[in-house]
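**Q** Kindly generate the corresponding structure for this input.
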Amino acid sequence: MTILVMSLPSSIVPAYAQLCNNPTTIISLVGDKDALGTGTLPGNDLPPGPFDNRSPAEMAATDGSENTDVVNGEFGRTGDFDYFHTFSIPGGFAISSVDLEFGLGGMQSNDNDPNTKTLGEDGLFVDGVLIPDAFEMVSHARFTYTLEPVSLTPAVFVEFLDGAATIRIETNSFGGTNVAGGNDSPVFFDYSEITIIGCSGVIIGGEILPIDTTALLLAGVQSISMWMIPVVIAGAGIGVFVTMRSRK
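**A** Numbers count the residues shown, from 1 in each chain. Now for the predicted structure:
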C-alpha cells in the first residue's frame, strides 16, 4: 500500500495522508483472565501447587487453553507453550500497532545467575519469528502472578494480516530448566492476548474508501483531473494565441 501511494505524483500524496478517524481494535484471547482459576490479583502470590483449575472446555481445547490454569507439582510446568490465535481482519486493513499480554509467572532472568547465564532467556516467537529480547531481564517471584506486556515492531505486523498467529513461549530460563545448584521456580500460564489496532480505509473527499488498488487508482484519477485543469486551460490559451498569430 505504501509503495502505491509513494509512486503517485507528489501533488496527489496528501489525499491519502489522512487515515480514518475511528481506528479498529481487534482482540484475540486464548485462555481466561482468572489468575489460573484462583482470582489472585496481579503482583500477589498464587496458592501453592499442585492444582488444576481448568474448565472442561479448557481441558478439551487445542488452541493452547489446555496448557493454562495448571500448576504441576510445586515447581509449575516446563517446556514450550503454543497459543493459536485466530481473528478477523477487514479487507484493506492497515495495522498501526500490535501488543501482546501474558498472564503468567515464574520466569527468571538468566543474566543474574552464573549457573544459567549461558542458557539464554525465555524465547517469544510469532509464527516462528523470534522477537528479540522480549523477556530480557524479566524476573518473577516464585509464585507471583504477573501480567507481562510485549509491544511488537512493525517488522512483524505482516504475520497478523492473515487472521491467524501462533504465539510460542520457550521456557529456557532457570525457572523452566530445573538446573541443579540454584532455586527452582514455577513457570505457569493463565492466558495469551493479542491487541491489534489499525484502520481499514482512508478519507478522500470526505468519504472513507478502502485502502486497495482500485480505490487508490480511482482517487488518483480524480486528483490528477483536478491538477490538470489549469494545464488544459493554459494549453487551450496557447493554441488560440498561435492560431491568431498565424492569421496575421
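**Q** So the protein: which segments form each domain?
**A** Using automatic domain parsing, the domains assigned to the chain come out as 1-19+212-248, 21-199.
**Q** The longest one: end-to-end distance?
**A** What that stands for is domain 21-199. Length of domain 21-199, first residue to last, Cα to Cα, to the nearest Å: 9 Å.
**Q** mean confidence for it?
**A** For domain 21-199, the mean per-residue pLDDT is 84.
**Q** For residue 60, grab phi and psi.
**A** phi -90, psi 0 (degrees, to the nearest 10).
**Q** Going forward, count from 40.
**A** With the count now opening at 40, the last piece we talked about shows up as residue 99.
**Q** Helix, strand, or coil at the closest residue to it other than its chain neighbours?
**A** Nearest residue to residue 99, sequence neighbours excluded (Cβ to Cβ, 6 or more residues apart in numbering): residue 105, at 7.5 Å. Any C-beta I mention is one placed from the backbone N, CA and C, and that applies to glycine too. Three-state call for residue 105 (DSSP: H, G, I helix; E, B strand; the rest coil): helix.
**Q** I figured residue 105 hits residue 95, correct?
**A** No. Counting by Cβ atoms under 8 Å, residue 105 stays clear of residue 95, with 11.0 Å between them.
**Q** Look up how far residue 130 lies from the residue nearest to residue 99.
**A** Counting by Cβ to Cβ, to the nearest Å, the separation of residue 105 from residue 130 is 33 Å.
**Q** what's the answer for residue 193, then?
**A** For residue 193, the distance to residue 130 - Cβ to Cβ - is 20 Å.
**Q** quick one on the thing from earlier: of residue 105 and residue 95, who's got more company?
**A** When neighbours are counted by other Cβ atoms under 10 Å, residue 105 and residue 95 differ, and residue 105 comes out ahead with 15 against 7.
**Q** quick one: that one from residue 80, how far?
**A** Computed as Cβ to Cβ, the residue 105 to residue 80 distance reads 25 Å.
**Q** residue ranges of the strands in the chain, please?
**A** 63-70, 90-91, 109-110, 119-125, 133-144, 162-165, 168-169, 185-190, 203-209, 227-238, 240-243, 246-249 (DSSP state E).
**Q** mind putting those in CSV, mean neighbour count and distance to residue 176 included?
**A** Shown next, in CSV, are the strands of the chain (neighbours: other Cβ atoms under 10 Å; distance: least, Cβ to Cβ, whole Å):
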stretch, mean neighbour count, distance to residue 176
strand 63-70, 18, 25
strand 90-91, 14, 29
strand 109-110, 23, 24
strand 119-125, 18, 20
strand 133-144, 20, 16
strand 162-165, 19, 14
strand 168-169, 14, 17
strand 185-190, 15, 12
strand 203-209, 20, 16
strand 227-238, 22, 20
strand 240-243, 20, 40
strand 246-249, 14, 43
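**Q** Same list, the ones you listed, but as a markdown table with distance to residue 101 please.
**A** As requested, the strands of the chain are exported to a markdown table (distance: least, Cβ to Cβ, whole Å):
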| stretch | distance to residue 101 |
| --- | --- |
| strand 63-70 | 11 |
| strand 90-91 | 18 |
| strand 109-110 | 16 |
| strand 119-125 | 7 |
| strand 133-144 | 19 |
| strand 162-165 | 19 |
| strand 168-169 | 22 |
| strand 185-190 | 24 |
| strand 203-209 | 12 |
| strand 227-238 | 14 |
| strand 240-243 | 35 |
| strand 246-249 | 34 |
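**Q** Identify the residues contacting residue 208.
**A** Applying Cβ atoms under 8 Å, 6 or more residues apart in numbering, we find residue 208 in contact with 119-120, 122, 141, 143, 161-163, 228.
**Q** Show me which of the residues you listed is closest to residue 180.
**A** Set against residue 180, the nearest of the contacts of residue 208 by Cβ to Cβ is residue 143 (12.4 Å).
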